Each structure stands twice: as structure tokens, then as C-alpha cells.
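A.B. asks: I would like to see how this sequence folds:
(one chain, ligands or ions: 1)
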Amino acid sequence: MDNKNTSSNSGEHNQAKGPAPSGDTQLGSGGELHQVAGGEHPTLTTNQGVGLSDNQNSLRANPNGPTLLEDFILREKITHFDHERIPERIVHARGTAVHGFFELTTSLKQYTTAKILTEVGEKTPVFTRLSTVTGGAGSVDTPRDVRGFAVKFYTKEGNWDLVGNNIPVFFIQDAIKFPDLIHAVKMEPDRGFPQSATAHDTFWDFISLTPESMHMVMWIMSDRTLPRSLRMMEGFGVHSFRLINEAGESTFVKFHWRPKLGLQSTIWDETVKISGADQDFHRRDMFEAIATGNFPEWEFAVQLFTQQEADKFPFDHLDATKLIPEELVPLRVIGRMVLDRWPNNFFAETEQVAYCASSVVPGIDFSNDPLLQGRLFSYQDTQLSRLGSPNFHQIPINAPKCPFSNQQRDGHMQMEQPAGRVAYEPNSLSGNSPRETPANGFHSAVVTETGQKGRIRAGSFNDHYSQARQFYLSQTVFEQAHIASALVFELSKVEHVHVRKAIVGHLRHIEETLASRVAEGLALDKIPDAPVAAAPVIEMPPSPALQIIGKMKYTLMGRAVGILITDGSDGVVIKTIKKAVTDAGATVKIVAPKVGGVKLADSSILVADGQLAGTPSVLFDAVAVILSDEGAAALSMESAAINFVRDAFGHLKAIAVDKGGQTLLKIANVGQDAGIVNTNDKDAFIIAAKTRQWDREKSVRTLA
Ligand code: HDE
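C.D. replies: Numbers count the residues shown, from 1 in each chain. The predicted structure is shown next:
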């Protein structure tokens, strides 16, 4: 439909009647209300361009009679509506995507011919989709789940899709197990729940029988699966890829994204409450960041290594359940990605974008990782089923931004009209049909493959526990406690006791104390036996780069602070705290009992950004409570106010209070520590707000 169609049609109910004063309300003859914004409105038409005289009433035999089949306008509208949904992604259905650019800062010319990795300063458009894995498209943003990190680079040499996750390893080693893994984690087929959760029997049953998943299990039980914001997550290409240079030599590469805002996660109790308070917590956060010009940015880094170096690793880098510690192969930062433009239309872009792990450009190639090899088939196939046509590459969000042409023809929803009589290659009839370019077209790495064909897992994939142990031992004591407690939480939701025990048995190979903490948390009568390990566990040096706390930035940049106020609050104090917070790079939201605002001590009105009942402190990184005595008294019986401070305290956040705020803390039975500061000392508040009060945790909950 052409939105610019201005052909005149001014039926009685048509809103296309030209300018009307903004905010005017008009009554249509059907009794409906039209809120009319000012401006020229195009004519409302059918998909065939026929103007509508009435978009409120279907065609009926008489005012009280049946609707007529003849009503092609009704039928067209309803038919289109009935077909609005396309199959959602079988995994990663829920996602948020943003446009932006990638800029190379260091050339990898020595290693690759790919222009995107050799042309320093060049800005390449990208479309990046960040997703959860297990839930449906309408599920919450904040389950305990892996996050997808998919980047489509529209390079000069074709589209390169780096379809990664926020965790550098994966559950399984071979693609053939993927459908089983996903069937186990998705809602159970007989009951249709739980949605978007690993805490149930089928998931842990599968895991208990799949020892190769143990390293990933450590990562998913850590707070990595509870990101505070999509802007505060790392991204990983996971598999080893190859770079190929002009001489045809290849080097292995792992790709990494590192958020400029640093890593930041929530804690479990907080996450559970966020899921109730704001189902769209991450999507809204990203939307607001883009809308306010706080464009998220990531460093792009690579780990480069040769076959000779790989031969010396105490693991097989082609096994996707292993990572290469940064201490072994350092990260080289070679570029940055900035996301700066929200899509115009969610369906057309975020839903229809089709990432394919097989989309690479000349100079980048695949490794023999058997998980990656399976993915090279799966994505193209899934897009065919999801988008319904082999022409999905023509949808604007998927189309390369460089010229592309070949002799593929026809198919559902063909949008092109190729001219001429030639649709094959080679041909001698057309002077301008596309030809191969042997010099700079795509070449695969020159590798020799030998050995016996068969369904054989390489013996070098047998070590299932060493890196899981390395991960656990690399964490701070706070993070270790979170991992142990997450395991207790999840396994407590598992009904089958033998499954709980089997998991604890695996944990014994990772670290005995972890196994005993979890066993105690589950009240097991004795520590279960460990299963036979396929390979001995080797000791690897701790890698601090695997922590979250070690990688959190001591900053308020990109974060949010809530200020709870009531009638009679001191406007000067509010202003001072607000300025200190915004100067530190965070956003401020005013929370009040009524959204219309409060009457401050000086009788001025301050409008609230959120009503107390709908804006709990879980939505913020730190809070200030600035109340008059009367306000504090009024809030003393409001559970939303009491929970506001109690949760902020329980979630280890800094709390700034004035006298009235202190009264509320007392009523809520909230203790005092270094994270509770007076609003008079704004600097102390900013210092405390830049981190979490980890030491407080032992006083607010029993961890495993
Ligand atoms: Fe995916 N994965 N995956 N995956 N994956 C899909 O493709 C698949 C794996 C990842 O925002 C599907 O378009 C197989 C690893 C992301 O649109 C599907 C295997 C990693 C996204 C598919 C894996 C990923 C997907 C579903 C095991 C991290 C979302 C819808 C061999 C490196 C992309 C779709 C987006 C999506 C298959 C494992 C990342 C079915 C067979 C490992 C970020 O094709």
C-alpha cells in the first residue's frame, strides 16, 4: 500500500479530512471517538489502493442484519490480520535488535583478505539482535538463560553474520544433539510449562546424562545468565573460525565483544522480581538508551592462534564446550561496534532478520568444529521455514548493501524482475550477466582431511570437567555462592530425586566443596557417587577474566537511580541528588505514590516518572528516599514503599536517605552499613552506588 497516496476520498468516517487541530476529539457518525492529530493524512485504502469510506462498520444487510460476504474490505482486513504472525524462531524467539555500525581500528591484513577486517576507519553498517534462547516471542526478558548475540555486518563484500552468544562455550559438542537439548529445556510437552526456564526435570535429566555440558552448566548457573542490561553483556563467536590471507595461509580466530559499560548482572531474587515488574525490562532499557542518545558500544577483539599453538593447548579448541583462556591467548582489540538506531518497525526488521551462521565473506572461513558444521546447515533451513521463501534475502533487512546478482530465479514472493532471456551461467548470449571472479571470490581454506569416516567423537573431546573446575575456581567467593545457590534452586524444582543426585555426582568432579554445598542445600542424606569420567580432570590455572565482579566497571554510566518522594519532600535535596547522579552518567526516575506528582515542601509540583506500586526498586541500580515526616508516616503502612527499601537493601544496592527516608528504613527493619548514606553526602552516595554491597549479602540471605 502506498502511504503517499493522496487521491482524495472523503467519506463520512474517513479520518483523512486534512488538518485538524492537535488533540481534537471528533465524534464519528458510528458513535466512535476520533482523536485527531494535526497534519495532512493520506487516504486510507485497501491493499489494492481502493479508498475506504468507513473503517468502523462492516457491510450489513440492514442495521440489525447479518454481515454480507460481499464485504471485500472486511475480508481483506481480517484475512491479512489472520496471517500476521510467522512461525517464531524455535530458539531465540524473543529478541531485541538495533542498527549501528562497526569500525575497524586495527588491520588484520597479515591474516585475512576480508576488507571488513583490513580497512581501518571504515564504518560498516550492522544490525545486532540480542535474545533469550528458551522462551517464546512473548516471554519475559529476564529468565535465567543464555543470551544470543547476533551481528549482521553489511560488508562491501557481502553479508557476514557472526551469530554468537553471551557465553563463550556451549552445552554440546555435536550438532546432532541440539534438537534433544532444546526439547529438554523447552516447556515439557505434556503440560506446556515451564516457559523459559531451566529449572525443571527434563532439562536436568538431559544434562545429568550429558557430562560434556558441565562447563556450560557452570556458566548458566553463574550470574552471566542474569544480565543487568543487554548493553552490559559480553558476546562471543564461540567456535574457532579461520582467517585466510592473500597467500592463502589460514590462522584460527575466536571473536569477542566486550561492553564499554563493563559486565553487570542482577542477582537472582532481584531478577525474579524484575520479571514481574517489567516483562520488557531489557527491551525497554535498550529502547530508552537509544532514544536518549546513550548508544551502547562494544569493543571487538580476536584471539589468533596457529595449528601449532593449538596442538599445545591442554584441550581441543574445536570442541565448543571449551574456551581459550585469555591468559593463554590474549585478546587483541581490533574495532568497535556502536548501536545507535532503533528499527522503524519491529516485525519488518527484528522479526524478519535472518541470521545464517554460514554467511561469511572472502577471507573468513569455518573450522571443523562439529557444532559449527551443523549450524552451517541449520540456519538457512530454519529461515526457509520461518520466512517461507528462498527469497528471504530480498527482504530489506536481509539484503546485502553491496551489489548482488546471480542466476537464481523465481520462488515465492520474488520481488525482483530480472530482464533478458538468459538465466543460466555460463552463457554467450548476454553481454552483462554475472560471472565468477576467481581472484577475489570466496575461497575455502586449503586443508587436507585424512582418516576413517564414521560417527566417532574425537578422543580429544573427552575431558568434560577440567574447564568447568577452572571456571568455578576462578570466581570470587560471592560468585561461587551464587553458583551453588542457583544449583540448589534449580535442582529443588526437579521432582526426580535420582536426577538431583546425578547432578551432584557430576559436581564432585568439578569441586568437592561445590558438590557438598549443593548436597546440603538439597538436604541429600549422603553425597552421591561421582560418575566415571571419560578423561582425568586436569588442573588449570584460575582465569580472573571469567569473573563478572572482576570485570564490573566501577561506574554509574548507563545505570539508573530511582528517587522515592512524597508530598512535602525537600526539592533542593532531590535536585542535588539528581544532579550528582546525572553528572555521573546515570539516569534518574522520580517515584511517587501518584504519577501526577507531589507537592514539594516549597509548594511546587514535581511530576513523577513512575507510580510507586508499579515502579519497585528492582528497576534501579541504587535508590534515594527523600521524604517529609508526614510522607514517611503515610508510607509506613504501604507495602510497596516498605518493599522498595527492603528490596534495595536485599539486592545490595546503595540507598541515600534523609530524615524521612531513615524513618522508612526503620519501619522496614532495614539495617545500616556502608551502603546506606545520608542525602547530605551526595559524593558518598555516588561512590556507594557505583558498585554492589557484596559484603552485605551474608546478612540478608542464606546462600548455599
Ligand atoms: Fe543457534 N539457532 N543453533 N546457536 N542461534 C538459531 O536460527 C542451531 C548455537 C544462535 O537473533 C535458529 O534463525 C543449531 C550456538 C543465536 O535471529 C536455528 C545449533 C550459538 C540465534 C539455530 C545451534 C547459537 C540462533 C533458530 C547446534 C552461539 C538467534 C532461529 C549445532 C554460537 C539469531 C534462527 C537471531 C538461532 C540452530 C547452537 C547462537 C534453529 C542446530 C552454539 C544468537 O537455526
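A.B. asks: what's the domain layout of the protein?
C.D. replies: Taking automatic domain parsing as the domain assignment, the ranges for the chain are 1-88+401-450, 95-166+227-387, 461-550, 554-700.
A.B. asks: which of those has the lowest mean pLDDT?
C.D. replies: Of all those, the minimum mean pLDDT falls on domain 1-88+401-450 (a mean of 82).
A.B. asks: elements contacting the helix or strand hosting residue 163?
C.D. replies: Of the helices and strands defined by DSSP states H and E, residue 163 is found in strand 158-165. Where contact means 3 or more Cβ pairs under 8 Å, 6 or more residues apart in numbering; DSSP states H and E, strand 158-165 is packed against strand 147-155, strand 235-236, strand 250-259, helix 370-387. (Glycine included, C-beta is placed from N, CA and C.)
A.B. asks: so it, near the ligand or not?
C.D. replies: Yes - contact of strand 158-165 with the ligand (Cβ under 6 Å from any ligand atom) involves 163, 164, 165.
A.B. asks: most proximal residue of the chain with respect to the ligand?
C.D. replies: Among all residues of the chain, residue 148 sits closest to the ligand, at 2.7 Å; criterion: Cβ to the nearest ligand atom.
A.B. asks: just give me the neighbour total for the closest residue to that residue other than its chain neighbours.
C.D. replies: When the adjacent residues along the chain are set aside, residue 148 lies closest to residue 131, with 3.8 Å between them (Cβ to Cβ, 6 or more residues apart in numbering). A count of nearby residues for residue 131, using other Cβ atoms under 10 Å, gives 26.
A.B. asks: doesn't residue 139 make contact with residue 131?
C.D. replies: No - here residue 131 lies out of contact with residue 139, judged by Cβ atoms under 8 Å, at a distance of 10.6 Å.
A.B. asks: which neighbours do those two have in common?
C.D. replies: Shared contacts of residue 131 and residue 139, defined by Cβ atoms under 8 Å, 6 or more residues apart in numbering, are found at 93, 94.
A.B. asks: quick revisit: remind me what whatever helix or strand the residue nearest to residue 148 lives in packs against, helices and strands.
C.D. replies: In this assignment (DSSP H and E), residue 131 forms part of strand 123-132. Based on contacts counted as 3+ Cβ pairs under 8 Å, 6+ apart, the elements that strand 123-132 packs against are strand 95-104, strand 147-155, strand 332-341.
A.B. asks: near the ligand, which residues of the stretch 201-350 of the chain?
C.D. replies: Within the stretch 201-350 of the chain, the positions adjacent to the ligand are 238, 320 by Cβ under 6 Å from any ligand atom.
A.B. asks: now do the chain
C.D. replies: Proximity of the chain to the ligand (Cβ under 6 Å from any ligand atom) is limited to residues 89-92, 95, 129, 131, 148, 150, 163-165, 170, 175, 178, 238, 320, 355, 371, 374-375, 378-379, 382.
A.B. asks: from residue 481, how far out is residue 222?
C.D. replies: Separation of residue 222 from residue 481 (Cβ to Cβ, to the nearest Å): 11 Å.
A.B. asks: sorry, wrong one. I was asking about residue 199.
C.D. replies: Remark: distance between residue 199 and residue 481 (Cβ to Cβ) = 18 Å.
A.B. asks: which one of those two is surrounded by more residues?
C.D. replies: residue 481 (19 against 16).
A.B. asks: could you check how far residue 177 is from residue 145?
C.D. replies: The gap separating residue 177 from residue 145 is 19 Å, by Cβ to Cβ.
A.B. asks: how about residue 207?
C.D. replies: Distance from residue 207 to residue 145, by Cβ to Cβ: 15 Å.
A.B. asks: that older thread, between strand 332-341 and the strand holding residue 131, find me the angle.
C.D. replies: Computed by axes from the mean of the first three to the mean of the last three Cα atoms, to 10 degrees, the angle separating strand 123-132 from strand 332-341 equals 80 degrees.
A.B. asks: buried residues, strand 123-132. List them.
C.D. replies: Within strand 123-132, the residues scored as buried using 16 or more other Cβ atoms under 10 Å are 124, 126, 127, 128, 129, 130, 131, 132.
A.B. asks: quick one: residue 328 and residue 313 touch, right?
C.D. replies: Yes - with contact taken as Cβ under 8 Å, residue 328 and residue 313 are classed as touching, separated by 7.0 Å.
A.B. asks: quick check: the residue lying closest to residue 350 once chain neighbours are set aside vs residue 274, distance?
C.D. replies: Sequence neighbours aside, residue 97 is the residue nearest to residue 350 in space, at 4.2 Å (criterion: Cβ to Cβ, 6+ apart). Computed as Cβ to Cβ, the residue 97 to residue 274 distance reads 21 Å.
A.B. asks: and residue 424, by the same measure?
C.D. replies: The separation that residue 424 has from residue 274, given Cβ to Cβ, amounts to 57 Å.
A.B. asks: of those two, which one has the most company?
C.D. replies: residue 274 (22 against 10).
A.B. asks: just confirm that one is within a helix.
C.D. replies: Yes - note on residue 274: a helix contains this position according to DSSP: H, G, I helix; E, B strand; the rest coil.
A.B. asks: need the contact list for it.
C.D. replies: If a contact means Cβ under 8 Å, 6+ apart, then residue 274 has 142, 266, 281, 618, 619 as its contacts.
A.B. asks: of those, which belong to helices?
C.D. replies: Residues of those located in helices (DSSP state H): residue 281.
A.B. asks: would JSON lines of the contacts of residue 274 with neighbour count be doable?
C.D. replies: Supplementary listing: the contacts of residue 274 in JSON lines, determined by neighbours: other Cβ atoms under 10 Å:
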{"residue": "142", "neighbour count": "27"}
{"residue": "266", "neighbour count": "21"}
{"residue": "281", "neighbour count": "21"}
{"residue": "618", "neighbour count": "26"}
{"residue": "619", "neighbour count": "21"}
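A.B. asks: that older thread, now the strand holding residue 163 against strand 250-259, angle please.
C.D. replies: In terms of direction (the same axes, to 10 degrees), strand 158-165 departs from strand 250-259 by 60 degrees.
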